[in-house]
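Novice: after the sequence you'll find the predicted model.
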Amino acid sequence: MVTGSKSNPVCGDRPSPQVIFVSSDFHLVAPDGRTDVVSVTPWLAPVVWEETFNEKLLDSIYMKKNISVVATVFAVGKYIMFLKDFLETAEQFFFVGFRVSIYVFTDRPNDVPHVKMAEGRQLNVLPVPSSNRWQEISARRMELIQKLIEEKLINKADYIFCLDVDSKFHGRWGTESLGGLVAVIHPGYYRDDRSRFPYERRPISRAFVAPGDGDFYYCGGAFGGLIQEVHQLAKTCRKNFEDDAKEGIEAAWQEESHLNRYMWTNKPSKILSPEYLWQDFKARNPEIKIIRFSGVVKNYAAIRPN
């Protein structure tokens, strides 16, 4: 997201700094709020950074709409150890003051910690089978998100965010993040040239993104939007993943590869900067003025089943 060479996708043509992006959902972003980063994409979707939005204005708009927001997390196997911090910090920072339902998919429902939740916020535990491969756990996320929406959320919730449980909130995540289809730029690649993005490059996979194509590299650990938009994303990614599997193909980064393919052909209407999923092991770069949500440092060998 830092300005630089044109080979870096965050440095393409910028709209006039006087432009104010206004979507049909009243998402307001002022590109002139930051000059060190790109805050509007070539297709005029806002890229949300600190100092590019008015939180009081946005909150007042959405409070009147009485919106409801869902978050999903998967706490399977030893990943249950991260759930308490996730839930406690979500209470402090995630859509505070709004109606929120958090759905936890886990194979250890008896180990879900008790966390006191504010009025209008609720925790729902959904049992799922265990797995011997973390790739299978990752693969099933899209299927389970699709079914959750179809069985429980259509016409009952407005927005959904699908988040990694091995993460913590450190700052506000609120109405500035709302949009039709919302993606988060991966903190590991946001300064890199497009040629270095770890897209699935094999044409045999349905997650294929051709060399020279692509906009940004997005996180699989945080995405969301309107219920109907995320349902379509989950349904499509699930089908493509399963069709690949029938042919013995596993994309380079499983669901994240399919997510990036989907976002390439279905442009997100809002993009969240790496503030919305940083990595605790990384030093904060100057353009990162706040870390809102970040993945914790962990030993993958100790927590993954394979």
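Specialist: Noted; the coordinates are in hand.

Novice: switch to C-alpha atoms for all contacts and neighbour counts from now on
Specialist: OK.

Novice: need the pLDDT of residue 18.
Specialist: With respect to pLDDT, residue 18 scores 37.

Novice: kindly apply the preceding question to residue 253 instead.
Specialist: The model's pLDDT for residue 253 equals 85.

Novice: roughly how far does it sit from residue 128?
Specialist: In this view, residue 253 and residue 128 are 22 Å apart by Cα to Cα, to the nearest Å.

Novice: now residue 180
Specialist: 28 Å.

Novice: ok, residue 244 next?
Specialist: For residue 244, the distance to residue 128 - Cα to Cα - is 23 Å.

Novice: need phi/psi at residue 48.
Specialist: phi -90, psi 120 (degrees, to the nearest 10).

Novice: is the residue lying closest to it once chain neighbours are set aside bridged to anything, and to what?
Specialist: Once flanking residues are discounted, residue 48 sits nearest to residue 272: 4.9 Å by Cα to Cα, 6 or more residues apart in numbering. Residue 272 forms beta bridges with residue 48, residue 184, as assigned by DSSP bridges.

Novice: who touches residue 272 in this structure?
Specialist: 47-49, 177, 182-185 (Cα atoms under 8 Å, 6 or more residues apart in numbering).

Novice: closest one of the residues you listed to residue 64?
Specialist: residue 177 (16.9 Å; Cα to Cα).

Novice: wait, that closest one sits on residue 49?
Specialist: No: using Cα atoms under 8 Å, residue 177 is not in contact with residue 49; the gap is 10.0 Å.

Novice: residue 51: which element?
Specialist: Assigned by DSSP states H and E, residue 51 belongs to neither a helix nor a strand.

Novice: ok, it to residue 223 distance?
Specialist: For residue 51, the distance to residue 223 - Cα to Cα - is 21 Å.

Novice: between those two, which one's more packed in?
Specialist: residue 223 (23 against 14; other Cα atoms under 10 Å).

Novice: how many residues are close by the spatially closest residue to that one that is not a sequence neighbour?
Specialist: Nearest residue to residue 223, sequence neighbours excluded (Cα to Cα, 6+ apart): residue 183, at 4.9 Å. For residue 183, the count of nearby residues is 30 (other Cα under 10 Å).

Novice: residue contacts, residue 183?
Specialist: 218-219, 222-224, 263, 268, 270-272.

Novice: all the strands of the chain, residue numbers only.
Specialist: 21-22, 28-29, 47-48, 68-75, 99-106, 121-127, 159-163, 167-169, 181-185, 218-226, 270-272, 278-279, 293-295 (DSSP state E).

Novice: mind checking those for the one nearest to residue 238?
Specialist: Across the strands of the chain, closest to residue 238 is strand 218-226 (Cα to Cα), at 13.5 Å.

Novice: pull the CA atoms of that closest one into PDB?
Specialist: C-alpha atoms of strand 218-226 as PDB (Å, rounded to 0.1, in the frame of the first residue of the first chain):
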ATOM      1  CA  TYR A 218      -5.600 -10.900   0.200                       C
ATOM      2  CA  CYS A 219      -5.700 -12.700   3.500                       C
ATOM      3  CA  GLY A 220      -7.600 -15.900   3.900                       C
ATOM      4  CA  GLY A 221      -7.700 -15.200   7.600                       C
ATOM      5  CA  ALA A 222     -10.100 -12.200   7.400                       C
ATOM      6  CA  PHE A 223     -12.800 -11.400   4.800                       C
ATOM      7  CA  GLY A 224     -16.400 -10.500   4.900                       C
ATOM      8  CA  GLY A 225     -19.200  -8.300   3.700                       C
ATOM      9  CA  LEU A 226     -23.000  -8.500   3.200                       C
END
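
Novice: any idea of the mean pLDDT for that strand?
Specialist: pLDDT averaged over strand 218-226 gives 97.

Novice: can you give me how far that strand is from the chain middle?
Specialist: 2 Å (Cα atoms, centre = their mean, to the nearest Å).

Novice: tell me which strands that strand pairs with, and in which orientation.
Specialist: Assessed with DSSP bridges, strand 218-226 is paired to strand 159-163 (antiparallel), strand 181-185 (antiparallel).

Novice: nearest to residue 205, of the contacts of residue 272?
Specialist: residue 183 (21.7 Å).
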